[in-house]
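Peer 1: Quick one: sequence and predicted model below, then my questions.
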Amino acid sequence: MRLSIRQLYRPGFLCGQSQGLFGSNFLSNFHTSSVAYGLKKQKASRRRKMNVERQNELHKKRIANQGDFVTGNSTDWTNQLIRSKQFFQNQLQKKSTSLTPLKFPIPMVEVDNILQKFDELNVSTLKEAREFLKIDDFAAPGSTDNVFESLRDLDEAPGAAEYFQKLAQELSNMSQINDSRKESIRRIFSLSNSNAKLAEANNKRTAIEYFAKTDNDTGSPEVQAAAFTSQILALKDHCNRNHKDQTAKRKFRFYVHQRQKMLKYLRLKNFERYMSCIDNLGLTDDAVLREITM
């Protein structure tokens, strides 16, 4: 029996024919299979993986071109900052005993003055001993002004060697004690023997010295932004090592937004100073103006 096109496209005709010829579930199972269903999941997983890889690649290129909007690029000033973990690890690995001077809580100029006072005290003490005991009268002709050489020359003077031998030993011990005191002061004010808190304070002092317009300028926007940057870099390293420290993360976000507010204020106040400041901090204008979500 031949059927017309109108009869073939009649609603329910194919469904009825299929139910009579092939069973009731023929059309419902015709469009899928177990193999096609498995390949569908694999293809979706492959597409999702490729999209994630592409997003990561684009993110790396964007970071390389624009820089990190939080830490910024490396500059001469940021290289002067002390990263506490890296610094103290290097100090432990070094075999040399060289000490890095500390600027905080006391400047190294004052430390040098203290050491100079020790030298002056030592010289004055030895001079008073020479004048009181009249060592120069017992010294042999041609001897130098050095106290210890004069005392060694006294060994040849009759009746004076035993008397001055004990004095020479005491003066020598005094000089050794003075040297040990100077070394102790150097070690006390050395950053190698300090902690991370003093390292951060030292970075703040470096920020003040680098960005201050006048002596002890701690309130200008440049100094404030630099101080925030030193805190941000320190907290960034800390959060990378301690992922569960929520307090440090909150402080980190707070300092980032405070620095952004300070730089925006400086941008409105003086654009030239603003551009010079962000160049020294390693930031860009887009990094300051964009919305920061962390």
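Peer 2: Received it, and whenever you're ready, just let me know what you need.
Peer 1: all contacts plus neighbour counts: C-alpha atoms, from now on.
Peer 2: Noted.
Peer 1: Can you read off the pLDDT for Asn122?
Peer 2: As predicted, Asn122 sits at a pLDDT of 67.
Peer 1: Would you quantify the distance from the closest residue to Thr284 other than its chain neighbours to Ala234?
Peer 2: Once flanking residues are discounted, Thr284 sits nearest to Ile278: 6.3 Å by Cα to Cα, 6 or more residues apart in numbering. Distance of Ile278 to Ala234, computed by Cα to Cα, to the nearest Å: 18 Å.
Peer 1: Check whether the residue nearest to Thr284 really touches Asp286, as I assumed.
Peer 2: No. In this structure, Ile278 is not within contact of Asp286 by Cα atoms under 8 Å, at 10.8 Å.
Peer 1: Neighbour count for these two, which is higher?
Peer 2: Between Ile278 and Asp286, counted using other Cα atoms under 10 Å, the more crowded position is Ile278 (19 against 10).
Peer 1: Name the SS class of that one, please.
Peer 2: At Ile278 the chain is in helix, as set by DSSP: H, G, I helix; E, B strand; the rest coil.
Peer 1: all helices for the stretch 101-250 of the chain, in order.
Peer 2: Here the stretch 101-250 of the chain has its helices, by DSSP state H, counting those that start in this stretch, at 108-133, 135-138, 147-153, 161-188, 196-211, 221-241, 246-269.
Peer 1: hey, least reliable of those helices by pLDDT?
Peer 2: helix 135-138 (a mean of 49).
Peer 1: ok, and for the helix or strand that contains Tyr274, which residues are buried?
Peer 2: Element membership for Tyr274, per DSSP states H and E: helix 271-281. In terms of neighbour count (16 or more other Cα atoms under 10 Å), helix 271-281 has its buried residues at Tyr274, Met275, Cys277, Ile278, Asn280, Leu281.
Peer 1: Let me have these in CSV, extended by distance to Asp245 and pLDDT.
Peer 2: Shown next, in CSV, are those (distance: Cα to Cα, whole Å; pLDDT from 0 to 100):
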residue, distance to Asp245, pLDDT
Tyr274, 33, 94
Met275, 34, 93
Cys277, 31, 92
Ile278, 29, 92
Asn280, 30, 91
Leu281, 26, 91
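Peer 1: could you dump these to JSON lines with distance to Ala225?
Peer 2: What follows is the buried residues of helix 271-281, written out as JSON lines (distance: Cα to Cα, whole Å):
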{"residue": "Tyr274", "distance to Ala225": "10"}
{"residue": "Met275", "distance to Ala225": "13"}
{"residue": "Cys277", "distance to Ala225": "8"}
{"residue": "Ile278", "distance to Ala225": "9"}
{"residue": "Asn280", "distance to Ala225": "11"}
{"residue": "Leu281", "distance to Ala225": "9"}
